[in-house]
Each structure stands twice: as C-alpha cells, then as structure tokens.
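Participant: Sequence below, structure please.
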Amino acid sequence: MSYLVEKYAVSLSKDDVIELFGVLEEAYGGNISRACRECGIQRKTRYDWARVLNINLSTKKRILKMAVKTAPAKTFDFLLSRSEEAAVEMFSAYLSHLYSKAMVENIDPRSFIKVVNALQKIQNEHSGLIWHLEEEVGDMMSHIRERAKALRVSLPEETVDTIRPSRLLEIIPSVVNGITRMGTGRASALARDLGIPTRLVQAMAEAIFVPTAQSPEIAQSMPQYNLAGLPPTADVDYHTIWGRDP
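Facilitator: All right, here's what the predicted structure looks like:
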C-alpha cells in the first residue's frame, strides 16, 4: 500500500483530498477530531482547506494512507473513477486535436489520410475509452467520412475494437441483408461498401451460413427465395427463410 500512496498521492487535487477525508469522517461516524488524529493532522488544518489553493504533499499522503487502510473499497473506487476521468479527458483532447488537423480547409488527400491513420491508431490503442466518448467520436468520424468523399479518398478500414455499440446496432440489418443475398464470397466487397471491418462481415457470415449448411432441411428451403434479385432496401422475412418462428 505504501507504493500506492507514494505514487498516487501527488496526483490528488485539493477536492480529491477533501472527498477522501470525507470517506474517513464517514468511517469514524462523522467524528472529525478522530479522523484528523488518525491522519496525524491538526483539526485546524482541516478547516484551513477552505481558504488554501493547494494541500501539501505530506498531508495528501497521510490522508490517502488512512483512507486505503480504513475504507479500501470506497478509496479504490474513488481512485479508479478519478483516474478514468483524467484518462478520458486527455483522450478527448487528443482526438479533438487530430480531428481539427483532419478538417483543416484545403488539406491535401495525402495529409488527410496521414492524420486519419493517426486518429485510428490512437483509437485502437485506447479503444476502452471510446465508449465514454461515443457521441463525440461518432460525430467526428461522420464528418471525416464526408471529408473523405469530398477528397475522393478511401478511409482506412475500421477495426472491430473501435466500432461503437450504437454503430453496430445500425449496421447489423444491412450486413445480414448483404450476406444473405451475396453469400460468403464477397465479404470484403460488402465490408468496403458498408465501411466496416471485413472480419466482422466474415464472422456474421459464418454465423448465418454454417448452421444452414449443417441443416439440410433449412438449406433446401433457401432456393425458393430469390434474395439475390431483391433491391437493397427490400424487406425480407428472415424468420420464414430460416424456418423459425418469430
């Protein structure tokens, strides 16, 4: 625990320290004097926090040490939450920086793709943070796709790790339609048309056609549906096709 205290106490803000001290107060039944005594600080020091800009490092260490010792679950939850908030804030700033570079007026196609590659790289490396910025990232990528069309360039293929849940829900019907009509042989073409990873299309194709191939009864029912000739927007009764009840 001493390592944790030494490493993270320095990053605590004044508000963080006050909140952690509040955890100690709660643990001691609201007894401020005892909380101060256990931390090795004077009661006056606690009240001085209201008028100072910063709290010295030694006090931060004492409070963090006692918080970990007295209420570890709440303390670790607090530290994780603060760390995540800081990471998301930095991630958002970095994405915004790259997005601004990509959207510069009169940018040439080569420079545009270079920036987009950097944008995708940072998203892949920190994909776990994307869900905190789903709407922000979605808006950025929508504008970048529009800029790509204007510049007549192809964007790098999106990776599975960076697909937003809401985006996945949007594209699943289109993927199923495309796979059912085109078969498994044109997964890359379908992925390119939809702007999604080929790996995703291939996985969904296997999920659809492998069970079908293993079931002669279902496979025999397929030819009666001329799916290949249907327009992309046509409604298809998949429940009937697969011989399943809705």
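
Participant: Can you tell me which helix or strand of the chain has the lowest average pLDDT?
Facilitator: helix 238-241 (a mean of 44; mean pLDDT, DSSP states H and E).

Participant: Was I right to think residue 116 contacts residue 99?
Facilitator: No - using C-beta atoms under 8 Å as the test, residue 116 is too far from residue 99 to be in contact (9.7 Å). In short, each C-beta sits where N, CA and C put it, glycine included.

Participant: neighbour-wise, which of the two wins?
Facilitator: Of the pair residue 116 and residue 99, residue 116 is the one with more neighbours under other C-beta atoms under 10 Å, namely 22 against 19.

Participant: Going by neighbour count, list what's buried in stretch 85-101.
Facilitator: By neighbour count on 16 or more other C-beta atoms under 10 Å, the buried set for stretch 85-101 is 88, 91, 95, 98, 99, 101.

Participant: Which pLDDT value goes with the residue nearest to residue 161 when sequence neighbours are not counted?
Facilitator: Spatial nearest neighbour of residue 161, chain neighbours left out: residue 127 (4.2 Å); criterion: C-beta to C-beta, 6 or more residues apart in numbering. Residue 127 carries a pLDDT value of 80.

Participant: Just name whatever secondary elements the longest helix anywhere in the chain is in contact with.
Facilitator: If you go by DSSP state H, the chain has its longest helix at helix 72-102. Here helix 72-102 touches helix 14-27, helix 57-70, helix 109-125, helix 134-151, going by 3 or more C-beta pairs under 8 Å, 6 or more residues apart in numbering; DSSP states H and E.

Participant: 7 Å instead, please
Facilitator: Contacts defined by 3 or more C-beta pairs under 7 Å, 6 or more residues apart in numbering; DSSP states H and E place helix 72-102 against helix 14-27, helix 109-125, helix 134-151.
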